[in-house]
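Participant: sequence plus predicted model, see below.
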Amino acid sequence: MLGMLFNDKECKELDYVLRKELDEMLLDLTDTRLDQDIRRAIANRYKTVFRMYARFAPPKELSKYARSGRFPQVKQ
């Protein structure tokens with residue numbers, strides 16, 4: 001297990017970067033022009049970034065990025 005210490009400014013920057021990355025991946029997952037393999041890779045990366053974001057995001061913010069049924073699920 002690794003640990004990191006961030007000051008307040010760094011936490012806000014990390015929060016911003018992760019949210020923007022999640023937004024971009026959600027947009028890519030809805031793009032039907034992308035190959036299924038690429039969408040599967042994006043979905044796997046999304047899970048990783050979402051778990052990182054979930055460590056410090058408030059539940060209300062986290063619910064915005066939960067992939068319940070809003071977006072088509074990628075076939076495994």
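Facilitator: Here it is on my side, so go on.
Participant: and stretch 12-23, how far out from the chain middle?
Facilitator: Centre-to-centre, stretch 12-23 and its host chain are 9 Å apart (CA atoms, centre = their mean, to the nearest Å).
Participant: any residues touching the longest helix along the chain, and which ones?
Facilitator: Counting by DSSP state H, the longest helix found in the chain is helix 8-29. Helix 8-29 is contacted from outside by 6, 34, 39, 42-43, 45-46, 49-50, 52-53, 56-57, 61, 65, 67, 71-72, 74, using CB atoms under 8 Å, 6 or more residues apart in numbering. The C-beta positions use only the backbone N, C-alpha and C, and glycine is treated the same way.
Participant: residues near residue 15, how many?
Facilitator: 15 (other CB atoms under 10 Å).
Participant: same check, this time on residue 26
Facilitator: Other residues close to residue 26 by other CB under 10 Å number 16.
Participant: so which of the contacts of helix 8-29 sit within helices?
Facilitator: Those of the contacts of helix 8-29 lying in helices (DSSP H): 39, 42-43, 45-46, 49-50, 52-53, 61.
Participant: that's all I had, so thanks and see you.
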